[in-house]
Every structure is written in C-alpha cells, then in structure tokens.
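Engineer: Turn this into a model:
(one chain, ligands or ions: 1)
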Amino acid sequence: MNIIVTGFMGTGKTTLGRALAKRLEMDFIDTDMLIENKLNLSVSEIFEKFGEKYFRVLEREVVKELKEENNTVIATGGKTLLYKKNLKTLTKNGILLTLHSDPEDLWERVKKYDSRPLLKGITKDEFIKLYLKRAPLYENLPNKIKISNFSETEAETILEFLTKELMRIEIKIGDKISEVILKRSLPGEIEKYIFSEKKGKVFMICDSKVFGIHGETLKKICQSFYIISGKDRNKNLKNAERLWKWLIKENVKRDSILLSFGGGVIGDLCGFVSSTILRGISHYHVPTTLLSMLDSSIGGKNGINLLSMKNAVGTINPPDKVFVDPTLLFSLPRKEISSGLVEAIKAGFIGDPLIFDLIEKRLHLIENIDLESLEEVISRSIKVKKTIVEKDPFEKNIRKFLNLGHTLAHALESFHRYRISHGEAVGLGLIYSLELSEMLGLCSKDLKARLKFLLNELGLKTRIKGNKENLIDLMKMDKKSTEEGIDFVLLKGWGEPVLKRGISKKILLEALEEVLDENTYN
Ligand SMILES: NC(=O)c1ccc[n+]([C@@H]2O[C@H](COP(=O)([O-])OP(=O)(O)OC[C@H]3O[C@@H](n4cnc5c(N)ncnc54)[C@H](O)[C@@H]3O)[C@@H](O)[C@H]2O)c1
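Structural biologist: Have a look, this model is predicted:
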C-alpha cells in the first residue's frame, strides 16, 4: 500500500511525506522532484522555459510511471491530483491524504520561498484569492487532515489519522457474542488487535485477489492458508468439501480459529465450514469489501449455493470477532464499492435514512475512499443490523426485513448464473420492492425515484434482461417462502419495512416490468 500526500501549495506535503516515510520505514517519492530530475531543471525553470502545459504533460508521465509503486509515501504537486486521470492512477495503489491549512498560515509559510513558479511576485491578497479559487477543487479529495504547524512532528497527526479506532461493539446473537472492531490500521498491524489472546492455531481462507495485494498482512500468523477466488459460484459444496479436507489434513483442533480474509463469498464459506468442521470451531472475519464490512460479516449467516438456489445450505453461527479496517478498501474496484453501497442503502431504508442522505451527499468522497465517510456509512449500517439481529437472531420475524430487495436479487443472481454482482442484483431488487410497495398503495413514488437516481450515480443497472416466468419460479424458491407463498419485504416509508404474503401473480409480473427487459434469455 502507498500513502499519497496532496494538498494546496505550502501545506508541507514534501516535509511531512518524508517524515512519515521515515517513521513507517517506507520509501519516499516526490513527483515534482522526479520531474526536475527528468529534465535536470527546477520546476520554476520548466515553467519559465516550456510553460505550465508542458509541465503537466511531464507530470502525467511521472504519475503513470508510479503505477506499480508499493510501500511508498508519494508527495504530489499541489495541482497534480486535480486532474482526474492522475487521481485515478495514484489512488489505485494507496490511500490519499489531503493536507489543508488556514490560508493566512500558508501565506506566512510560503512567502519566504520565491522558487515556486505560481508564487512569483504574488501579493498576500492574490495568494488568498488563488487559495479560495482552488478550494472547491479540493472539495472532492478525500481524507482531509488539518495541518497547523508545518514541522516534521505533524507526521504524528497523520499517523493518528491512519490508525484511528472508531467503534468497538458487541453483537449478541442467541447465546453467542461477536466483537466488532472498526479501526484503521497500518499494513501488518491487524494481527495485534485480533489475536492478542488467541491460544489455538489459525487457519486462513483468503480471497485470491486480496492475497496478492494484502496477503502479507496476515500470512505470517497462520498455521496454513487456503486461497480461493472470490466468485459467488465458488460458494459451493465442492469448495466446502475441499476446505474440510484441508483442515483435517492440517490437524485442525477444537480450539483452532478459521479466519476469513476477503469479501462476502469467502466470509460465507468460512462461516459455513467453521460451523460444520468438528461440529464447530471459532471463526473470525477480516472483511475486505465494503459489502462484507457493513453487512455480510455481521449477524452470523453462513452458507453455500446449491443447484440454482442461493445460500441453500447454511448455518446461523456468528463469528467471534470481526475486524473492519476500511483502509483495505483502497484496492477494491469502484464497481464493488457501489455494490457495497447498495446494501447500505437497504439498511438506510430499513432503519436509518441518514445513510441514504450521506451516500447522496458524499458519493464523490466515498468513491475516493474517504475513510470518515465510509466509516459513517459502515458503522450506521452495522448498527441497523445489530438492532435487528439481536431481537430476532434466527429469522423468525423481523430479521426478514434485512432481505428487503433480496427476493428478486437472489432470483436474478441465479438466473444470470452469478455473473452479476450481489450489489447490482440487490439494487434491482430494491427497485422491485418499492414498485410493489407503490402498487399496493403502501408508499409514495418519490422513494423509488430517489433510489433510481442514486443507483444511476453509482453506475449500477436499473434495468436488466430476464424472463418474467423464470424469475417468478426462482423467487418461489426464496428461503422466506412457505407453503402459503412468498413473504415479500416491502416498505411503507423510511424505516418502516413490512412483510407481505399472498401478493397476486398478476401484480408480481406487472411490477417486474419496472426492472426487466422481457423475453431475453441470459
Ligand atoms: N452472510 C450474510 O449475511 C450476507 C449478507 C450479504 C451478502 N452476502 C453474500 O456476500 C457475497 C457477496 O460479497 P462481496 O460483495 O463482498 O463479494 P465478493 O466476496 O465476491 O468480492 C467481490 C470482488 O472483490 C474482490 N475483492 C475483495 N476484497 C478486495 C480488496 N480489498 N481489493 C481488491 N479486490 C477485492 C474479490 O476478489 C471479488 O472479485 C454473496 O455471496 C452474498 O450472498 C452474505
């Protein structure tokens, strides 16, 4: 993981970046210095001789060259990341920190340097005007850290920011308690928070992509690890059997811990295998997708798919610990961030409308991995789930509310043979549930309109190909259905989910038109 440091000129990007790198034993790179070295000229000289436009071309080249960099603190020029391409390239491999300061303080600092090209002959008023002009451009940059004294000691402020603990809660499910820790951590640190008092051996099931990027973080504390590609179709009996055999060969014991390091697919498999091997051993989750941080690692549902039925075989057996570290999200593809946000939107509809507002207002920040915004979405969603699962751990009644949108979602996933993401399917399922709610006179149209707008902003589908009759058949296989029919979770308004049974087939078919391009087989 890299740490990228940006901010308006004079915020101390180079001084603090270098101090931070030293403190964390990471490499240090300054993009301006790389450009200077390329031409053997100072930034000022490049501006004077060739102009700013040429400088920006060089800057883009340098940023591209840093694509493969790892374990490095990268300080950028003041404007480097105001260009979307540069922002996208650098944030693929790291967390971006945006330093900011009071313009008066900045002026006091920069007026001493006349080597900066944009400061040549500039007055204080002109400097502040420039600051105010640029300020809105920095608005969408994430992880703002206020710097007031520009000395190396501010590196500690950054370290505190990067290791902040946000929440530690217990969730009681039946007679078991899960401890959930929401904490930022530096690479290699997680083990000390979750394994401080462990006695038995640790076996890790890890997502293959996650292993390539973050694997070192937990590898060394494991007795043995097993790597699986985090695809929904891998949540199957074959893999469960392979995992049982692996554990037995590795001499698993009753006090062993099975640890998942990946998204919901790895977590669901890990929970299932841990509840069945030796009739049950402990499991811990270190979720690495947004969806698994705010939803699937919480509440203890585990399972595998069988035939065309999603999560057909499984258990309700909560993990002993869940360690949620949002800094792991920097490497998650943006589409997966959107997918996770859909489960948060669902939690918003069920129990905390502020989640929806937050996503609407801070989407750009969230997409750029703004830790504070993500943590607010994650902690609020976890609390909605905690309230529900503690009251109804084994889904006798209100836990079904957490399935809002999932009846159609699971049918769509199965129909499309798990080639659509879970979040995308849930987004479509939510539209469907709101359409049904509207048709039955339960809620007004504006909820669905707002949802569709937000899903569009998230780059997710609001319509999909499918066959109505097939989907109705698949929905009948939903785990909430009984001999009396399917229990649909619908919405009366914000925070007012209801269960409806016995909706006529005519209405179910008609509502499908809202999300389906009919008669197209997958
Ligand atoms: N148990 C529950 O209560 C519950 C609740 C909701 C969903 N689920 C299940 O969760 C699954 C979906 O989970 P998901 O959305 O996390 O998907 P996932 O586990 O398939 O992960 C999505 C993709 O992200 C990759 N990935 C994971 N972490 C990464 C990281 N940090 N950086 C880069 N790539 C990374 C994976 O390799 C995969 O390609 C479904 O099977 C669904 O049924 C379970």
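
Engineer: okay, CA-based contacts and neighbour counts for the rest of this
Structural biologist: OK.

Engineer: what residues are up against Ser274?
Structural biologist: Contacts for Ser274 (Cα atoms under 8 Å, 6 or more residues apart in numbering) come out as 258, 280-283.

Engineer: 6 Å instead?
Structural biologist: 280-281 (Cα atoms under 6 Å, 6 or more residues apart in numbering).

Engineer: Then Gly427?
Structural biologist: Val342.

Engineer: tell me the SS of it?
Structural biologist: helix (DSSP: H, G, I helix; E, B strand; the rest coil).

Engineer: ok, is whatever helix or strand His285 lives in in contact with the ligand or not?
Structural biologist: Here His285 is covered by strand 282-287, with elements defined by DSSP states H and E. No - Strand 282-287 lies out of reach of the ligand by Cα under 6 Å from any ligand atom, never closer than 7.4 Å.

Engineer: which residues touch that strand?
Structural biologist: Applying Cα under 6 Å, 6+ apart, the set of residues contacting strand 282-287 is 257-263, 293, 319-323.

Engineer: Near Arg168, how many other residues are there?
Structural biologist: Arg168 is flanked by 14 other residues according to other Cα atoms under 10 Å.

Engineer: Correct me if wrong, but it is in a strand.
Structural biologist: Yes - judged by three-state DSSP, Arg168 forms part of a strand.

Engineer: Wait, it touches Glu179, no?
Structural biologist: No - look at Arg168 against Glu179 with Cα atoms under 6 Å: they stay out of range, at 7.1 Å.

Engineer: residues in the stretch 51-200 of the chain within reach of the ligand, list them.
Structural biologist: For the stretch 51-200 of the chain, no residues are found near the ligand under the criterion Cα under 6 Å from any ligand atom.

Engineer: For the stretch 51-200 of the chain, just list every one of the strands.
Structural biologist: Along the stretch 51-200 of the chain, the stretches classed as strands by DSSP state E, counting those that start in this stretch are 72-75, 94-100, 144-146, 165-173, 176-183.

Engineer: Over to the stretch 301-450 of the chain?
Structural biologist: Remark: strands assigned in the stretch 301-450 of the chain by DSSP E, counting those that start in this stretch are 301-306, 309-316, 321-324.

Engineer: who touches the second one?
Structural biologist: It refers to strand 309-316. With contact meaning Cα under 6 Å, 6+ apart, strand 309-316 is reached by 300-306.

Engineer: Name the residues of that strand that are buried.
Structural biologist: For strand 309-316, a neighbour-count test (16 or more other Cα atoms under 10 Å) marks 309-312, 314-316 as buried.

Engineer: what inclination does that strand have with respect to strand 301-306?
Structural biologist: Relative orientation of strand 309-316 and strand 301-306, computed by axes from the mean of the first three to the mean of the last three Cα atoms, to 10 degrees: 150 degrees.

Engineer: gap between Ser178 and the ligand?
Structural biologist: Going from Ser178 to the ligand by Cα to the nearest ligand atom, to the nearest Å gives 14 Å.

Engineer: burial of that residue, as a residue count?
Structural biologist: Ser178 has 20 neighbours, counted by other Cα under 10 Å.

Engineer: now swap in Asn403 and tell me
Structural biologist: By other Cα under 10 Å, 23 other residues sit near Asn403.

Engineer: what residues are up against it?
Structural biologist: Listed by Cα under 6 Å, 6+ apart, Asn403 has no contact partners.

Engineer: again with the one 4 residues further on
Structural biologist: Under the criterion of Cα under 6 Å, 6+ apart, the neighbours of Thr407 are Met475.

Engineer: So, low pLDDT: which residues of the protein?
Structural biologist: 114-115, 117, 198, 519-522 (pLDDT under 70).

Engineer: Around the ligand, pick out the residues from the stretch 251-400 of the chain.
Structural biologist: Selection of the stretch 251-400 of the chain residues close to the ligand by Cα under 6 Å from any ligand atom yields 262-266, 268, 288-289, 291-292, 295-296, 301-302, 328-329, 331-332.

Engineer: just the helices in the stretch 51-200 of the chain please.
Structural biologist: Here the stretch 51-200 of the chain has its helices, by DSSP state H, counting those that start in this stretch, at 84-91, 103-110, 124-138, 154-162, 190-194.

Engineer: Surely Phe349 is in contact with Trp494?
Structural biologist: Yes - the criterion here is Cα under 6 Å, and Phe349 meets it with Trp494 at 5.3 Å.

Engineer: More neighbours: the two, which one.
Structural biologist: Shown here are Phe349 and Trp494; by other Cα under 10 Å, Phe349 has more neighbours (25 against 15).

Engineer: Next, count neighbours for the residue lying closest to Ile277 once chain neighbours are set aside.
Structural biologist: Among residues not flanking Ile277 along the chain, Trp244 sits closest, at 6.4 Å (Cα to Cα, 6 or more residues apart in numbering). By other Cα under 10 Å, the residues close to Trp244 number 18.

Engineer: and Trp244, what helix or strand is that in?
Structural biologist: helix 237-249.

Engineer: Hey, what's the angle from the next helix or strand along the chain from that helix to strand 282-287? Just curious.
Structural biologist: Per DSSP H and E, helix 237-249 leads on to strand 257-262 as the next helix or strand towards the C-terminus. With the same axes, to 10 degrees as the basis, strand 257-262 and strand 282-287 are set at 20 degrees to each other.

Engineer: one step back: list the buried residues in the helix holding Trp244.
Structural biologist: Applying 16+ other Cα under 10 Å to helix 237-249 flags 240, 243-244, 246-247 as buried.

Engineer: Redo the residues you listed as a markdown table? Include distance to Asn70.
Structural biologist: A markdown table is the format used below for those (distance: Cα to Cα, whole Å):
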| residue | distance to Asn70 |
| --- | --- |
| Ala240 | 34 |
| Leu243 | 32 |
| Trp244 | 35 |
| Trp246 | 32 |
| Leu247 | 33 |
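
Engineer: Relative to Val389, which of those residues is nearest.
Structural biologist: Ala240 (25.7 Å; Cα to Cα).

Engineer: What distance do you get for Gly200 to Thr14?
Structural biologist: Between Gly200 and Thr14 the distance is 45 Å, computed by Cα to Cα, to the nearest Å.

Engineer: Who has more neighbours out of those two?
Structural biologist: The residue with more neighbours, out of Gly200 and Thr14, is Thr14; 23 against 14, by other Cα under 10 Å.

Engineer: what's the angle from the helix or strand encompassing the more buried one to strand 94-100?
Structural biologist: Secondary structure from DSSP H and E places Thr14 in helix 13-24. Relative orientation of helix 13-24 versus strand 94-100 (the same axes, to 10 degrees): 130 degrees.

Engineer: Who does the helix or strand following helix 13-24 pair with, and is each partner parallel or antiparallel?
Structural biologist: Sequence-wise, the next helix or strand downstream of helix 13-24 (DSSP H and E) is strand 27-30. In the sheet, strand 27-30 lines up against strand 72-75 (parallel) (DSSP bridges).

Engineer: got the contact list for the strand it pairs with?
Structural biologist: With Cα under 6 Å, 6+ apart, strand 72-75 has contacts from 2-5, 13-14, 17, 21, 26-30.
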